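>>> fold the stuff below for me.
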Amino acid sequence: MSDTLIGIFLAAVDRFHKPAQFMRKRGGSWESISAERALGDVESFALGLESLGVRAGERVGLLAESRYEWPVADLAALGLGAVVVPVYPTLTAAQVGKILGHADPVVVVVSSEEQLAKLREVQAQLPSLRAIVCMDTMELRAPRERAFADVVATGGERRTAAPRAFRERAAAVRPEDLATIIYTSGTTGEPKGAMLTHHNIAFDLAACYELVTITSEDVSLSFLPLCHVFERMAGLYGMLRGGVTIAYAQSMDTVATDVREVRPTIINGVPRFYEKVHARILARVQEAPAFRQRLFAWGMRHLEQGARAHFERRDERTLAMRLADRLIAHTVREGMGGRLRICISGGAPLSPHTLEFFFALGITVIEGYGLTETSPVICLNPPGREKPGSVGPPIPGVEVKLGEQDEIITRGPHVMRGYFKDETATREALRDGWFHTGDIGRFDDDGYLYITDRLKDLIVLAGGKKVAPQPIETKLKRSPLVGEAVLLGEAKPYIVCLVAPAFERLEAAARAAGWTGETHAQLVASPQAHALIAGEIERVNAELARFETIKGFAILDQELTQENGLITPSLKVKRRVVAERYADVTRALYTGHLAPV
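All right, here's what the predicted structure looks like:
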């Protein structure tokens, strides 16, 4: 396969000739888009961009939700040798302006009126901007605002006049050329633009393909943001490389319906997604008749026994396991389309409990580890040799070791060129040929890596003891009642915790016990809710060293979301922002105004 991203797409078209390379839902039914049609759209849009003045090395912004036009625009720009700058559509106009103002694109492609409004608000900050291309049909006010369809039509005329023009442009793109600038999510500070070459990502894909079997018979349902490096690498280029059909979910809210209709064999998700699926299944069971609850509990005991046998490399398949698979697991799998064979998890550590749950249901979850700056995969759990809690050994061709304070550092062809226009940050991250991840880890005797925390997240208590919050938070989130948990305690005498409950499960528990609240605030303020969460914290405290234990907690009356600014677009908690937002609540925990555990 090719060493450039556009080369991967062209090779897939020529090799597989897929009748359904992409799928999307329109007018109530799923439309299949052939590889040849997709190629025509990519070529035409690319030549249309060229007519707007886009040249190799210039930046093209992409501000859109995941949909078919996203890869068309991405691949078209890459085929011209341009550098794609994806931007999360959930960001505010000010945030969009800050990123694009730094990237300085010549063209920005947007999806909708909402996204166009953001560009109109900040376009004065973009002196190099020549055109805004709009995917949806909408009223365009300025000469430089262009309809996507019109750009395709213009490019189509150029394509007819010169059928080989796009292939010639694509052939001139070199592996070492810059392909994209991806701005990090900013959990620990301001977003930085990671510069990734075609070879960075193509190498990473090839290494992963040595470990994971993907074929042209597979169908993928894509629902994560394509502006996230994980979904773009694995869910777009990775699927194209293997000739996989890519179906785009209508939205995150429709995934449960879309998965039953598309019946995918592969999905990519972040831990938060799998944890929500896990919690939703348990919530349905809790509302079922008592005999069904008992049947589910009996079946899961045996299915989880089988999963543990798999992880321990034992061949154990009892009659009870087979019966439980037919009565319990088969039903759940059918609810997820009935064909799902691989779930790929990335973006953050996945709870071993959640991983075991999916394996018990007969669904393989492949967990890996990486960062935007590493294209992104560094490590991957090999299918059939998984270890829950670990992220697997380094992928072929990648070096990983532990530096000072057990920081994970890595080097190889997967590491970015540096941060765009930020030599200081580049020097800090890339030292002596090694990229410093900022994550803390350990290796086991088999060379499997375990992520224990973020270097900047370590909590140093007043007495000097250091507490790694993420493992404790992960243990708490095993509870179906806990949506998010944020540990705090820097320079304080002990650890406290802010709990954002899983409101659906908490409300179900309240109804079952005969108590409730009309609002979330009333619900979490009740002594019954406090007792339930206290029980979960006591469960976790029993596993911790004394200095690590949670001495007080508060239940928040809202979820942590992108909309309220407490979760990044890549679904990571903004610990510093949470601490600032709830400073008064935390202060009360230390002054005794809120009840301790």
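>>> which residues touch Leu303?
321, 324-325, 328-329, 360-361 (Cβ atoms under 8 Å, 6 or more residues apart in numbering). Heads up, the C-betas are built off the backbone N, CA and C, glycines and all.
>>> if I look at it, how far off is Ile366?
Separation of Leu303 from Ile366 (Cβ to Cβ, to the nearest Å) stands at 19 Å.
>>> nearest to Ala462 among the contacts of Leu303?
The shortest gap between Ala462 and any of the contacts of Leu303 belongs to Ala360, at 42.8 Å (Cβ to Cβ).
>>> that closest one and Pro388, how far apart?
12 Å.
>>> again with Val151
Relative to Pro388, Val151 is positioned 48 Å away (Cβ to Cβ).
>>> what about Ala360 and Pro388, which has more around it?
Each of Ala360 and Pro388 has its neighbours counted (other Cβ atoms under 10 Å); Ala360 has more, 25 against 18.
>>> any idea how far the closest residue to that one other than its chain neighbours lies from Leu361?
Closest residue to Ala360 apart from its sequence neighbours, by Cβ to Cβ, 6 or more residues apart in numbering: Leu303 at 3.8 Å. Taking Cβ to Cβ as the measure, Leu303 falls 7 Å from Leu361.
>>> and if you look at Ala249?
From Ala249 to Leu361 the distance is 21 Å (Cβ to Cβ).
>>> now Thr331
Using Cβ to Cβ, one obtains 10 Å as the distance from Thr331 to Leu361.
>>> so between these two, which is more surrounded?
Just comparing Thr331 and Leu361: by other Cβ under 10 Å the higher neighbour count belongs to Leu361, 24 against 12.
>>> does the spatially closest residue to that one that is not a sequence neighbour count as helix, strand or coil?
Closest residue to Leu361 apart from its sequence neighbours, by Cβ to Cβ, 6+ apart: Ala329 at 4.5 Å. Using DSSP: H, G, I helix; E, B strand; the rest coil, the structure places Ala329 in helix.
>>> show me the contacts for Ala329.
When the contact criterion is Cβ under 8 Å, 6+ apart, the partners of Ala329 are 299, 303, 360-362.
>>> make it 7 Å
In this structure, Ala329 makes contact with 303, 361-362, judged by Cβ atoms under 7 Å, 6 or more residues apart in numbering.
>>> distance of it from Ile363?
9 Å.
>>> show me the strands in the stretch 451-597 of the chain, by range?
Counting by DSSP state E, counting those that start in this stretch, one finds strands in the stretch 451-597 of the chain at the ranges 459-460, 466-467, 482-488, 495-501, 550-555.
>>> quickly run through the sheet partners of the third one, with directions.
Strand 482-488 has the following sheet partners, assigned by DSSP bridges: strand 495-501 (antiparallel).
>>> for the residue nearest to Ala510 when sequence neighbours are not counted, what are its contacts?
Nearest-residue entry for Ala510: Thr516, 4.5 Å, with adjacent residues in sequence omitted and distances by Cβ to Cβ, 6+ apart. Applying Cβ under 7 Å, 6+ apart to Thr516 gives the contacts 507, 510, 523.
>>> which members of these occur in helices, if any?
Members of the contacts of Thr516 lying in helices (criterion: DSSP state H): 507, 510, 523.
>>> most neighbours, which of the residues you listed?
Neighbours here are counted as other Cβ under 10 Å. On that basis the top member of the ones in helices among the contacts of Thr516 is Leu523, with 20 neighbours.
>>> distance of the residue nearest to Ala510 relative to Ala283?
For Thr516, the distance to Ala283 under the criterion Cβ to Cβ works out to 16 Å.
>>> pretty sure Ile132 contacts Lys118?
No. In this structure Ile132 lies outside contact range of Lys118 using Cβ atoms under 7 Å: 10.4 Å.
>>> got any residues that touch both of these two?
Going by Cβ under 7 Å, 6+ apart, no residue sits against Ile132 while also sitting against Lys118.
>>> can you tell me which residue is nearest the centre of this protein?
Taking Cα atoms, centre = their mean as the criterion, Val270 is the residue nearest the geometric centre of the chain, at 4.4 Å.
>>> dump the residue contacts of it.
With contact set as Cβ under 7 Å, 6+ apart, Val270 has these partners: 224, 345-348, 571.
>>> one more time with 6 Å
Val270 makes contact with 347, 571 under the criterion Cβ atoms under 6 Å, 6 or more residues apart in numbering.
>>> and it, what's its pLDDT?
pLDDT, the model's per-residue confidence, is 87 for Val270.
>>> ok, it to Arg280 distance?
Distance, Val270 to Arg280, using Cβ to Cβ: 16 Å.
>>> could you list the domains of this structure?
What the record gives for the chain is the domain set 5-173+212-268, 458-591, from automatic domain parsing.
>>> highest average neighbour count across the ones you listed?
Across the domains of the chain, the average number of neighbours (mean count of other Cβ atoms under 10 Å) peaks for domain 5-173+212-268, which reaches a mean of 20.
>>> nothing else from me, thank you.
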